[in-house]
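Enquirer: Sequence below, structure please.
(5 chains, ligands or ions: 4)
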Amino acid sequence: MTFFIEVLVGGLLAGVMYSLVALGFVLIYKASGVFNFAQGAMVFLAALTFVSLLEMNWNFWLALLVTLVVMVGVGVLTERIVLRPLVNQPPITLFMATIGLTFVLEGLSQMVWGSQPHGLELGIADVPMEWLSQKWNINISKFDLFAAAVSGLLVAALALFFQKTRIGRALRAVADDHQAALAVGISLQHIWAIVWAVAGFVALVAGMMWGVRNGVQYALTFTALKALPVLILGGFESVPGAIIGGLIIGASEKLAEVYLGPYVGGGIESWFAYVIALLFLLVRPQGLFGEKIIDRV
Amino acid sequence: MLYREAGQFRSTYAEDMQIFPIRQDRIALMLLLAVGFVVVPMVATQYWFSALLIPFLIFSLATLGLNILTGYAGQISLGTAAFMAVGAFMAYNAQLRIPGIPILASFAIGGLCAAAVGIVFGLPSLRIKGFYLAVATLACQFLVLWTINRVPWLTNHSASGVIAAQKIEILGYTFDTPASKYLLTLSIVALMALAAKNLMRSETGRAFMAVRDMDVAAEVIGIPMMKTKLLAFAISSFYCGVAGALYAYCYLGTVEPEAFVLDISFRVLFMVIIGGVGSILGSFLGAGFITLVPIFLNLGTTFISDRFDIEISHALVSNMELITFGGLIIFFLIVEPNGLARLWQIAKEKLRLWPFPH
Amino acid sequence: MSAVPQPKTQAYLAINNVEVIYDRVILVLRGVSLEVSEGQIVTLLGANGAGKTTTLKAISNLLRAERGEVTKGQILFQGERIDQLNPSELVRRGICQVMEGRHCFQHLTVEENLLTGAYTQKGADLHAELEKVYNYFPRLKERRRAQAGYTSGGEQQMTAIGRALMARPKMILLDEPSMGLAPQLVEEIFEIVKSLNQKESVSILLAEQNTNIALKYADYGYILENGRVVMDGEGKSLAENEDVKEFYLGFSSGERRSFRGVKSYRRRKRWL
Amino acid sequence: QAKEQFVPANFYWVGPYAPGGSGIAGGMIDYFKMINNKDGGINGVKFTWEKCETEYNNGKGVECYERSKKHPPTGATLIHPLSTGITYSLIEKGTADKIPIVSIGYGRTSAADGRVFPYVFPLITTYWSQATAMIKFIASKEGGTAKLKGKKIVLVYHDSAYGKEPHAVLKKEAERYGFELTLLAVPHPGNEQQSQWLQIRQIKPNWVILWGWGVMNPTAIKAAAKIGFPRDHMIGVWWSGAEEDVIPAGSAAKGYIAAGFNVSGQNFPVIQDIKKYVYAKNEGEMEDKSRIGSIYYNRGVVFGIVTAEAVRKAQEHFGKGKSMTGEQVQWGLEHLNISAAELKKLGATGFMQPLKTSCYDHEGGGQVKFQQWDGTKWKVITDWITADKALVRPMIEEDAAKYAKEKGITPRDCPKGG
Amino acid sequence: MSVALHQHPRAHPVGEVLLSVENVSLSFGGVNALTDVSFDVREHEVRAIIGPNGAGKSSMLNVLNGVYHPQKGTIRLRGKSFHDMVSHEAAAMGIARTFQNIALFKGMTVLDNILTGRNLKMRSNFLQQALWWGPARREELVHRHAVEEVIDFLEIQHVRKTPVGRLPYGLQKRVELARALAAEPKILLLDEPMAGMNLEEKQDMCRFILDVNDHYGTTIVLIEHDMGVVMDISDRVVVLDYGRKIGDGTPEEIRGNQAVIDAYLGVTH
Ligand SMILES: Nc1ncnc2c1ncn2[C@@H]1O[C@H](COP(=O)(O)OP(=O)(O)OP(=O)(O)O)[C@@H](O)[C@H]1O
Ligand SMILES: Nc1ncnc2c1ncn2[C@@H]1O[C@H](COP(=O)(O)OP(=O)(O)OP(=O)(O)O)[C@@H](O)[C@H]1O
Ligand SMILES: [Mg+2]
Ligand SMILES: [Mg+2]
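Expert: Ligands and ions are numbered 1, 2, ... in the order given. Down below sits the predicted model:
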């Protein structure tokens, strides 16, 4: 039983890490209807910049600040160079443009900082909490809890932002119809610059958390892959969906791997999350909290 | 006015319904085929065959397949590489297990098995749309590769899962030189492209496009959604399956799951979008762009650094290439969001009016 | 027929010799000039595809999003060139467009749609504005919580117009406001337009197919055909014009023609 | 004919595999530069090379191969594909083009049977050899092979062809010694291993063998720390045993053990020579000089040494001071004999193992050293441990024979053992 | 404003009840789009549905061809009742329609759009089509002829090869009608076919509708806000308001109906 709980809790906490990455996707999708393929590259760029600055003996907060400035710069430039000329284009075109952006960001980060992996420690050890493991024989890492708290905070803040503010409403309007948004005087430039900057910030947070876990290296770009099933399960447009989706995916895939894996040869984690998400979609095609696809005649 | 249709009258519908109603297009195509089948084999080097032309053709075929699904029927899929893998492995098994089966039949079996898998993974498309569907098709990608890794029968119990493709032999002739493999690939691709073109300009193609553009309306005018979507998945996967078999047999020479990773799925999707969603020609242009541009970029930088004897760190060069490639994608999209095929079409429209601006 | 109007000194909005090309090859407007004086209602008439929508989009600078561009001519608002301003700046300056085909934000509720319209009105009293719109369109109040995507065609049209009003514009570009509205509502909308014009001195440029009603309310009218202005004049004088009567209002020799009788109709004479 | 010997440098400098690719490329090219500068090449024939980015991608690898194979003066001398996938794709092409495919420490294990694979050289040691060496190492730690009985060993492997390589060998070993073997797959890329390591916590194995790649390695080490599994009972394969695999794991990696067929460090004469003849002139490949002497860099130097010695051997046979063709170098590769004395001359004693190949055996030594991470650097903790060739060789021959049958190849005749 | 109704005898006089709607109710969540509506449509007649915005007219059409499934009530076609009919089944039974918000296939040319209307009549399978051979080719030709007839009839020859997205609104509406006609329907449902048209185009459209009704005897159900059109061309009119039927009768009767005037017409036209 304790083992079951351990797997469950471990899965839930792992899921939170997925949510962190998924959140970046959600932000941009919600605000512009763009499926941002470059999210993984942004996570990589942010974490790599941050860790490289740290290794140059910068002060932690200064490094954080400068990285943030870099990410905001990337956001603003993306708006200028990529998105603005592509207003009102079909989603698939914008998607492709973000793929181009991925190449640019990946090339750029490796060009500036090199492709060597780095270690990152934030001072919170990724080891089990002793009293828990002694008393209950359950292993829960302090760092995992920290990561969960951080994502919880982020999600709450962002959800509030989208629901309650003028900008939040404008973001949703832009996602629905670029042209009409322009016509009511929403400045796509501002909106997109804001969103991409916030997404850059989220990428930085995700990059730091994952960087502590796996080291800062190119493979951070792959974290995006883990976020995709979370994304469709929770719904592309939903901030709370990202966290709930993450919890469901995290827990179910761990449980499946541990309890089902041995019977079929293991490694089922590679697809299990997707199959779960797919099954959910068959019931709710827009994900748990996504916006209903409106097609009327 | 190089590209002028004036003076070409079509007096019957049959004429109007020709595959290329405009004479210049017909001539251009003939020339292209002549170059492909005759001139290229005479002049190209092995490098051209095995490093450029064969992969280009095979990717064109896969792109064509995905374009039928995504471009014509409007269903985005990220399972292309999985369908290719099914094609490759089933072709291998057909060759291995059915004695005396002709290689082309094996390719077809590979394609048909891929089509079957495609139908199964097409079922969710009846309910799920857009990017949701795209991500959901990833399930197919991972599940198929996982299965190949897990079921030893599929890899004939090979230790590592990597197997060598069998010899290609048709009517006693062995295709073992790059040139002969190229010709074989070209023939298959040309024929299948022709079939795709025919299909897309007849009822099936129109049904696909109708479902793509507005599925409720399509249903209202009597197009059965289920049949149409599943057929699209089947045909598309068939193309991808054959492409996968060719990829294994004519290009790499090995059949292995790692050759069909997610990356390939994405690359094929890039090709579709860059080339032009819903265009046969675009499939070729897109495949050309994505496979050849990085190589030419690389050849270019190598040439420049050789010529001017600049010692730049290679990591820098590789990264620069990556950035340039990404930049080019963005550039072309901004110039023409609907892909290279549309760019070509606009160019033709301009040519038609030339030398007048409008 | 008539030529380009002589530029007056005090035009509120003036378009001079504008040419628009779509997709770099399709020439749609071939030198359109028109102007709107302050406080005027001006209507733009013309057959399908004449270029009415394109003209309005050229003014509000929404063409780029459709891969169209203004290749010639200039557009002046209050004497300043505005053809390089981005759309949100235009809204801030008081030019607001109601697009053809509604373009509501489907996933937002009707009320949210309206609120978005006030995006540029930072710190304004949104409640009062909302109430004003609901006063104009009581039906919207009933449906305020419905997602716009699920409302009926007419309801969406009301939402779109209401949304534009929320920005407190000085000048509204209306693209076919009557399309798809019940006759009663068409009258109402034009009454609203008129009251906006008179009470709040909003200038109006409106593209309309319903010539009858448009000319009834308009001070001035332009008739567009094939991307050119072919006729213009005071609303009344246009309504009196024999050709206009025949081809746009459906009277033949003073009698309204039945739609059932059109089988034996006369092909319209083309000006160009 | 120009006195040049062309070797393609088809490696990778970008992407997830870049740390390995760029390090190995740097080591090999630096070694060539050193030979050119110090000795004026091999008997006056200087090495040339051209870099081509393969991105660890089969298609790109083939493209690079095709591009480099006809390079003047004699075409590609031999090729290091540095990827198992690319190696497989090149087996037939190389054989047809008569260009040796050299895969040191990766590639197709059964190609060690030179009778079936004349142009393929999985030199020094294969995955299978290594797996047996690992078991030997574990046995030595446990106090003899007899003690293995009833012990639990878990293999945590990258779920791919590469990760599946050792399964068969380990299963045989498990049968032979009576230990309990559990195979745990980690899906690519391996940045999430919670469930695997929770299972390990449940199994409580004595040893964990890590058959990982890239990000999978530090993640595994961290996950081990998280469940409190002792790192000094984790043994990594040689692609899990570079600085790049442990540094990202930080302090968690302390005590972790990995296999290797070369060692790290700068204190070998050969590395000093590279510094003296190459870096002193500012001609070095590595921008980050601290990477000189790292595991990957030194592995690249091993690649360089083997290449150079094969060319030297070929020249001895076909004419000194001439550029060798691929076919001639194939002979050289089959007659390599880098003895201890030879190693000393090369300044590589203890740096790599002696190597002797034959037409029959394309692997050579098959020895492995084990090293432990002390938090800042790798420390060698064993001498060369020889693989259990008696176990591995028959498996190799069986697999090669199957391949020969499938392909309709008649194996060459080779004098046994010579 | 008197208008002579039937100027010449119709080729297909109005006949038996073809389609009847009985006590249909439809709601979406809290919104009652239709409440207990009943009416019938006779063979060969032109039947108009009018009512204020949001009255439920479009929803009624959607019920008629199976896009929406009413919670209560039945639809009878030639006396046979249907429950939960799927829209492509409706199409197979000869019901074609146009949409309020144009639902053309934007990526296709006019010709292709209209050809899709004939998909139910196509028999060749996709393998034959892939080869463009034998039956497939012959069939394409036959249908092309049929479609060209519709094109001629609706006078859209000049835009045949234009992608529909580029056409002005009015022409798009006409293409949509053409697509519906290509199916040779028994019943044609038109949802505001004349919205956004100027007078001349409306006249054209009326002419087409009447001709279809006349030549082919097609039964027509029409939603329209232009009272002139409705009064002139329809045989009978149903009036909906807030989802309920508030009037049903000939145009004259409707014109005089006070409830209708209050709810819909406002000032008389
Ligand atoms: N995005 C576009 N690309 C290409 N051509 C276009 C585009 N938009 C409009 N056109 C063309 O421009 C011309 C003018 O169109 P516009 O929409 O301005 O006409 P309109 O007068 O508003 O017509 P309607 O009364 O039907 O709304 C038409 O011929 C149309 O085909
Ligand atoms: N799919 C749906 N989901 C929710 N509500 C709907 C849906 N379809 C229609 N409605 C609602 O039902 C009511 C009737 O809509 P309908 O479209 O039938 O009106 P209509 O009579 O056609 O109006 P109009 O003349 O404006 O087109 C409207 O209030 C609309 O919001
Ligand atoms: Mg218009
Ligand atoms: Mg309606």
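Enquirer: can you map out the helices along the stretch 1-150 of chain E?
Expert: With helices called from DSSP state H, counting those that start in this stretch, the stretch 1-150 of chain E shows them at E:57-64, E:87-92, E:110-116, E:126-131, E:135-154.
Enquirer: how about the residues of the stretch 151-297 of chain A near chain D?
Expert: Within reach of chain D by CB under 8 Å from any CB of the partner chain, the stretch 151-297 of chain A has these residues: A:210, A:213-219, A:221-223, A:226, A:253-254, A:257-258, A:261, A:265-267, A:269-270. Placement of C-beta: from N, CA and C, glycine included.
Enquirer: These, buried ones only, as a ChimeraX selection?
Expert: Buried members of these, defined by 16 or more other CB atoms under 10 Å in any protein chain shown, are picked up in ChimeraX with:
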select /A:210,213,214,215,216,217,218,219,221,222,223,226,253,254,257,258,261,266,267,269,270
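Enquirer: so who does residue A:31 touch?
Expert: Shown in contact with residue A:31 (CB atoms under 8 Å, 6 or more residues apart in numbering or on different chains): A:171-172, A:174-175, A:191-192, A:195.
Enquirer: where are the low-confidence patches of chain C?
Expert: Scanning chain C for pLDDT under 70 picks out C:1-10, C:250-257, C:261-272.
Enquirer: what about the residue nearest to residue D:75 when sequence neighbours are not counted, how many neighbours?
Expert: Nearest residue to residue D:75 in three dimensions, chain neighbours excluded: residue D:69, at 5.6 Å (CB to CB, 6 or more residues apart in numbering or on different chains). Counted with other CB atoms under 10 Å in any protein chain shown, residues neighbouring residue D:69 total 22.
Enquirer: is it true that residue B:89 touches residue B:154?
Expert: Yes: counting by CB atoms under 8 Å, residue B:89 touches residue B:154, with 5.4 Å between them.
Enquirer: which residues are common contacts for those two?
Expert: Shared contacts of residue B:89 and residue B:154, defined by CB under 8 Å, 6+ apart, are found at residue B:148.
Enquirer: more neighbours, these two?
Expert: residue B:89 (29 against 21).
Enquirer: Residue A:173: what's it in contact with?
Expert: Contacts for residue A:173 (CB under 8 Å, 6+ apart) come out as A:180-181, A:184, A:186, C:105, C:108, C:112-113, C:116, C:119.
Enquirer: how about a cut-off of 7 Å?
Expert: Counting by CB atoms under 7 Å, 6 or more residues apart in numbering or on different chains, residue A:173 touches A:181, A:186, C:105, C:108, C:116.
Enquirer: could you list every residue that touches residue C:97?
Expert: Contacts of residue C:97 (CB under 7 Å, 6+ apart): A:183, C:56, C:60, C:173.
Enquirer: run the last query once more with 6 Å
Expert: Taking CB atoms under 6 Å, 6 or more residues apart in numbering or on different chains as the contact definition, residue C:97 lies against A:183, C:60, C:173.
Enquirer: and it, what are its phi and psi?
Expert: phi -120, psi 140 (degrees, to the nearest 10).
Enquirer: all helices of the stretch 1-150 of chain A, in order?
Expert: Under DSSP H, counting those that start in this stretch, the stretch 1-150 of chain A gives helices at A:2-32, A:39-55, A:60-77, A:91-113, A:130-135, A:142-164.
Enquirer: Mind putting those helices into TSV with mean pLDDT and distance to residue B:290?
Expert: Shown next, in TSV, are those (pLDDT from 0 to 100; distance: least, CB to CB, whole Å):
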stretch	mean pLDDT	distance to residue B:290
helix A:2-32	89	24
helix A:39-55	94	18
helix A:60-77	93	24
helix A:91-113	91	10
helix A:130-135	74	51
helix A:142-164	87	35
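Enquirer: Pick the most deeply packed of these.
Expert: helix A:39-55 (a mean of 26; mean count of other CB atoms under 10 Å in any protein chain shown).
Enquirer: that older thread, write a PyMOL command that selects only the buried members of the contacts of residue A:173.
Expert: For the buried members of those, the matching PyMOL selection, counting by 16+ other CB under 10 Å, is:
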select buried, (chain A and resi 181+186) or (chain C and resi 105+108+116)
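Enquirer: Export the contacts of residue A:173 to CSV and append columns for distance to residue D:351.
Expert: Formatted as CSV, these follow (distance: CB to CB, whole Å):
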residue, distance to residue D:351
A:181, 66
A:186, 66
C:105, 69
C:108, 69
C:116, 70
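Enquirer: Closest one of the contacts of residue A:173 to ligand 1?
Expert: The shortest approach to ligand 1 among the contacts of residue A:173 belongs to residue A:181, at 18.0 Å (CB to the nearest ligand atom).
Enquirer: Nearest residue to that closest one in space, ignoring adjacent ones along the chain?
Expert: residue A:174 (4.5 Å).
Enquirer: Looks like the one you found contacts residue A:182 (just checking).
Expert: No: with contact defined as CB atoms under 6 Å, residue A:174 does not count as touching residue A:182 (8.9 Å).
Enquirer: host element of the most centrally placed residue in chain D?
Expert: Chain D has residue D:105 as the residue nearest its centroid, 2.3 Å off, counting by CA atoms, centre = their mean. Under the assignment given by DSSP states H and E, residue D:105 is not contained in any helix or strand.
Enquirer: any idea how far residue E:108 is from the closest residue to residue A:219 other than its chain neighbours?
Expert: In space, and not counting its chain neighbours, residue A:219 is closest to residue D:215: 3.3 Å by CB to CB, 6+ apart. Look at residue D:215 and residue E:108: by CB to CB, to the nearest Å, they are 47 Å apart.
Enquirer: Pick out whichever of those two has more residues nearby.
Expert: residue D:215 (27 against 22).
Enquirer: which stretches of the stretch 101-250 of chain E form strands?
Expert: E:187-191, E:219-223, E:236-241, E:244-249 (DSSP state E, counting those that start in this stretch).
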